[in-house]
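Starting from these lines, generate the structure:
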Amino acid sequence: MNLKLNWDAMGITASVICAIHCAVLPMTATLLPAVINNHITHNGYFEWTMILIAFLIGSYALSHGYRKHHHSLKPILVFSLGFIFLAAKQFSAYHLILMLIAVTLIVWAHLMNFRLCHKSKCSDPHHKH
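Now for the predicted structure:
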């Protein structure tokens, strides 16, 4: 079986999961005991792990698209800007606003990369990679 992963879809999924964690979990905090709430919603290790996973998946997807398919720096620049906002949210009182901007930019970068890859000659099934 020839399994082919869509790294852009994985990057979008990781970014959306991060956004859900950051936006939805604090809203449900009133339903959780205070001890559990602090361990889940304010767990720096979890947040940095999610950021690292999104960064690794995104870096691989975008660098692969750049090298093998489209040679456009636009997705990489948008992705980088998104990660600047994502890192900044960890140190700012404007956590939710910065996270929404970050996730929007990161998802946009993956969508650009996906579209550029499919427009390239490499998306031709008869083209050898």
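
Surely residue 55 is in contact with residue 83?
Yes - in this structure residue 55 lies within contact range of residue 83 using C-beta atoms under 8 Å: 6.2 Å. For the C-beta atoms, the positions are set from N, CA and C on the backbone; glycine is no exception.

check contacts around the residue nearest the centre of the chain.
With distances taken as C-alpha atoms, centre = their mean, residue 15 lies nearest the centre of the chain, 3.5 Å away. Residues counted as contacts of residue 15 (C-beta atoms under 8 Å, 6 or more residues apart in numbering) are 54, 58, 103, 106, 107, 110.

of these, closest to residue 118?
residue 110 (12.6 Å; C-beta to C-beta).

Can I get the contacts of residue 15 in TSV including secondary structure?
Listed next are these as TSV, based on DSSP: H, G, I helix; E, B strand; the rest coil:
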residue	secondary structure
54	helix
58	helix
103	helix
106	helix
107	helix
110	helix
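
what does the model give the residue nearest to the centre of the chain for pLDDT?
Per-residue confidence for residue 15 comes out at a pLDDT of 79.
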